[in-house]
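Chemist: this is the structure alone, sequence omitted:
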């Protein structure tokens, strides 16, 4: 489908990056994003939604805006730590692109997969493309997709992950293999619509967005991604989170 | 109508039909009464065991096919280094 922009592919891609204490990671993730967009000749911008980080994340964001351009690195701070869902809603107010990419700023999501997301979206005219850690091929099919995977998880963590996914798949039948993933490409009006309906918080928020998208009839594709967890430090998953997850699945089952 | 309601309605229909057949209020088509009396009481247990087996298979297969990606980790470390070097020359505070 043709876009309205005066760019190489007639589209523009906005990345919403919620940050809290990402002073060290932000320059590098911006560098990686800029490199990928430049190499693939894509029009881009990054909306940095910072929740009043005490470590100087906003200063680094302004330095990056000086280097890459104020129109490319857009800093839109907030007064306090207000949560992920509202961060996306806040960021959406300032997006000037027609597609939105959401991802984590801690290197667990690598920008190199973004061109594949875009390619899948264009090939099948999809509303949403999500990254999956659990598949080796993309759905619908894309011939040059590499297998996904995770680095940094031990056997116990993998078992918990598979168990959680099995629970969600059985109860919710969501049609995607990775329900808690948060590396996604959305059409802007689609994201706006879904976010206006979403009520939960935390990672259940990501799950709810996907389940609602499917219920509303939006088309979703998946691309395998590699997920490097906690590059500096250990990956922990406590009992509280497990219970919270089960509750989240139940609440989605009964409300959507 | 939420998914829970759809699932509940569907399950309720099946359960009612099952109970009607079990207590012989309704005959099961194509199967004589004696055979159905032997089979029907076992169906719930069969469903339970089948689901349990299927779940275990899914988990086992999922663990077996879970990919590690050490190459992604090393590539990322290298890129972080490159990024830091280039950004330093442009005057961005890194580290």
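Modeler: Yep, it's here. On a predicted model such as this, the values are computed, not experimentally measured, just so you know. Residues are numbered from 1 along each chain as shown, chains lettered A, B, ... in the order given.
Chemist: what pairs with the residue of the stretch 1-150 of chain A found nearest chain B across the strands?
Modeler: Here the stretch 1-150 of chain A gets closest to chain B at one residue, residue A:149, 3.3 Å apart by CB to the nearest CB. The way it works is simple: take the backbone N, C-alpha and C, and place the C-beta from them, glycine included. Taking DSSP bridges, one finds residue A:226 as the beta-bridge partners of residue A:149.
Chemist: quick check: it touching residue B:69?
Modeler: Yes. Counting by CB atoms under 8 Å, residue A:149 does reach residue B:69; the two are 3.6 Å apart.
Chemist: circling back to that earlier point, OK, contacts around the residue of the stretch 1-150 of chain A closest to chain B?
Modeler: For residue A:149, the contact set (CB atoms under 8 Å, 6 or more residues apart in numbering or on different chains) comprises A:133, A:224, A:226-227, B:66-69, B:72.
Chemist: just give me the closest of the residues you listed to residue A:88.
Modeler: Closest approach to residue A:88 among the contacts of residue A:149 (CB to CB): residue A:227, at 20.2 Å.
Chemist: got the contact list for residue A:40?
Modeler: Taking CB under 8 Å, 6+ apart, we find residue A:40 in contact with A:115, A:118.
Chemist: per-residue confidence for it?
Modeler: Per-residue pLDDT puts residue A:40 at 94.
Chemist: do you know how far it is from residue A:147?
Modeler: According to CB to CB, to the nearest Å, residue A:40 stands 21 Å off from residue A:147.
Chemist: list the buried residues of the helix or strand of chain B at the bottom of the mean pLDDT ranking.
Modeler: Sorting the helices and strands of chain B by mean pLDDT, DSSP states H and E puts helix B:33-39 at the bottom, at a mean of 83. For helix B:33-39, a neighbour-count test (16 or more other CB atoms under 10 Å in any protein chain shown) marks residue B:36 as buried.
Chemist: got it, and stretch A:124-131?
Modeler: Applying a neighbour-count criterion of 16+ other CB under 10 Å, one finds A:126-131 buried in stretch A:124-131.
Chemist: out of those, which two sit at the greatest distance?
Modeler: Within the buried residues of stretch A:124-131, A:127 and A:131 form the most distant pair, 15.5 Å apart (CB to CB).
Chemist: what confidence value was assigned to the nearest residue to residue B:20 once chain neighbours are set aside?
Modeler: Leaving out its chain neighbours, the residue that sits closest to residue B:20 by CB to CB, 6 or more residues apart in numbering or on different chains is residue B:26, at 4.3 Å. Note on residue B:26: pLDDT of 82.
Chemist: just give the number of residues close to the closest residue to residue B:88 other than its chain neighbours.
Modeler: Ranked by CB to CB, 6+ apart and with sequence neighbours excluded, the top spatial neighbour of residue B:88 is residue B:94, at 5.8 Å. Residues near residue B:94, counting by other CB atoms under 10 Å in any protein chain shown, number 19.
Chemist: so residue B:94 is in which element?
Modeler: Residue B:94 is part of no helix or strand, with elements assigned from DSSP states H and E.
Chemist: what sits against it?
Modeler: Per CB under 8 Å, 6+ apart, neighbours of residue B:94: A:24, A:27-28, B:83-84, B:87-88.
Chemist: now list the buried members of those residues.
Modeler: In terms of neighbour count (16+ other CB under 10 Å), the buried residues within those are A:24, A:27-28, B:83-84, B:87.
Chemist: nearest to residue B:30 among the residues you listed?
Modeler: Distance to residue B:30, by CB to CB, is smallest for residue A:28 among those, at 67.7 Å.
Chemist: quick one: contacts of stretch B:36-46?
Modeler: By CB under 8 Å, 6+ apart, the list of residues contacting stretch B:36-46 reads B:18, B:21-22, B:24, B:27-28, B:31.
Chemist: again, but for stretch A:190-201
Modeler: For stretch A:190-201, using CB under 8 Å, 6+ apart, the contacting residues are A:83-85, A:88-89, A:92, A:100, A:127-128, A:186, A:205, A:207-209, A:212-213, A:216, A:218, A:248, A:251-252, A:255.
Chemist: no further queries at this time; thank you.
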